[in-house]
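**Q** no FASTA, just this:
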DNA sequence: CCTTGTTGGTTACAAAGGTAACTAACATCA
DNA sequence: TGATGTTAGTTACCTTTGTAACCAACAAGG
């Protein structure tokens, strides 16, 4: 007789979160990885520039909560792809104003639309109610 | 006038999944990382040996769906910590039977209990109903 | 001015993980 | 028993990421 159930890793929430996150990331990453050779951090930086316009690396780092070294490397990669331009700030020569160039803007448009499509497909798959519940719970967990 | 809402990364499910997974993994990893200097793969390998008994590296690899190179490195690390013993198989000299030694068994007991406690705390925090819904949805997404 | 401390951004180094190539042992079949 | 192919496990190499050190520019106070 056993008073306590054996612990099952297969039902452990942090484990399931990791599996689900990897699975869904793998699916969506095909968009930015295969189409543009981008890494996830690059996509996130591109997104912030596309959505909010000209920003400095520090501003991206704060808004996106990405460490400044990762931003630095992503910016360099995006620059090499001719996706963004850097202009030294007038008021602070340490800082650079970053903005998307036409190809970067085009990639942003394509990827944003892909993301909307992806989200819509997920919502159809899970049902509107469950998809909303999922997002709500994930936000609570992410905030921990 | 705008016919389509701007896409918001902050509400994108794959993004929220990644944040939530990182957040919860960070919290739980303190148990195996700080207490035993283990990485996540080591904890997963230890778990399988503790839960299912003597296994070969290949069997762990299949059951846990961890690539054999990751298993190989985790096994070496656990061996260096004196957490497991390897004995060449009688029937196949390429293969080794792996089993936990006393300190490994002790670590397994502590970590399994920590995981049960963690899950219970999460369930209190989210409520039983939402916690169950979350696990159900994550399993669906992980299966993709 | 001129120190002292802070900030924006990059680089160096080490840790981890993925992929491919490899070694030794096994299995099969002629 | 010997050639051929497969399998268990390890190693080598490369990419990505985190941490710390670093450089140049700024800011504040004397």
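**A** Nice, thanks for sending it over. It should be emphasised that the depicted structure is a prediction, and the values quoted were computed from it without experimental measurement.

**Q** what's the pLDDT at the closest residue to DNA strand D within chain A?
**A** Closest residue of chain A to DNA strand D, C-beta to the nearest atom of the strand: residue A:93 (3.4 Å). To be clear about C-beta, it is placed using only N, CA and C from the backbone, and glycine gets the same treatment. If you check residue A:93, the pLDDT there is 93.

**Q** quick one: secondary structure of it?
**A** coil (DSSP: H, G, I helix; E, B strand; the rest coil).

**Q** and if you look at residue A:118?
**A** Residue A:118 is classified as helix under three-state DSSP.

**Q** please report how far residue A:52 lies from residue A:104.
**A** Computed as C-beta to C-beta, to the nearest Å, the residue A:52 to residue A:104 distance reads 14 Å.

**Q** more neighbours: which of the two?
**A** More crowded of residue A:52 and residue A:104, by other C-beta atoms under 10 Å in any protein chain shown: residue A:104, with 22 against 12.

**Q** after the helix or strand where that one lies, which helix or strand is next?
**A** Residue A:104 belongs to helix A:102-126 when elements are defined using DSSP states H and E. Per DSSP H and E, the first helix or strand lying C-terminal to helix A:102-126 is helix A:128-143.

**Q** tell me which parts of chain A are close to DNA strand D?
**A** Within reach of DNA strand D by C-beta under 7 Å from any atom of the strand, chain A has these residues: A:39-41, A:67, A:69-70, A:73, A:91-94.

**Q** can I get these in JSON lines including neighbour count and distance to chain B?
**A** Formatted as JSON lines, the residues of chain A next to DNA strand D follow (neighbours: other C-beta atoms under 10 Å in any protein chain shown; distance: C-beta to the nearest C-beta, whole Å):
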{"residue": "A:39", "neighbour count": "16", "distance to chain B": "13"}
{"residue": "A:40", "neighbour count": "18", "distance to chain B": "8"}
{"residue": "A:41", "neighbour count": "18", "distance to chain B": "11"}
{"residue": "A:67", "neighbour count": "11", "distance to chain B": "13"}
{"residue": "A:69", "neighbour count": "9", "distance to chain B": "17"}
{"residue": "A:70", "neighbour count": "18", "distance to chain B": "14"}
{"residue": "A:73", "neighbour count": "15", "distance to chain B": "18"}
{"residue": "A:91", "neighbour count": "5", "distance to chain B": "29"}
{"residue": "A:92", "neighbour count": "9", "distance to chain B": "27"}
{"residue": "A:93", "neighbour count": "8", "distance to chain B": "31"}
{"residue": "A:94", "neighbour count": "8", "distance to chain B": "27"}
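
**Q** tell me the contacts of the spatially most central residue of chain A?
**A** The centre of chain A sits closest to residue A:44, judged by C-alpha atoms, centre = their mean, with a distance of 4.3 Å. The contact partners of residue A:44, taken as C-beta atoms under 8 Å, 6 or more residues apart in numbering or on different chains, are A:64, A:66, A:74, B:9.
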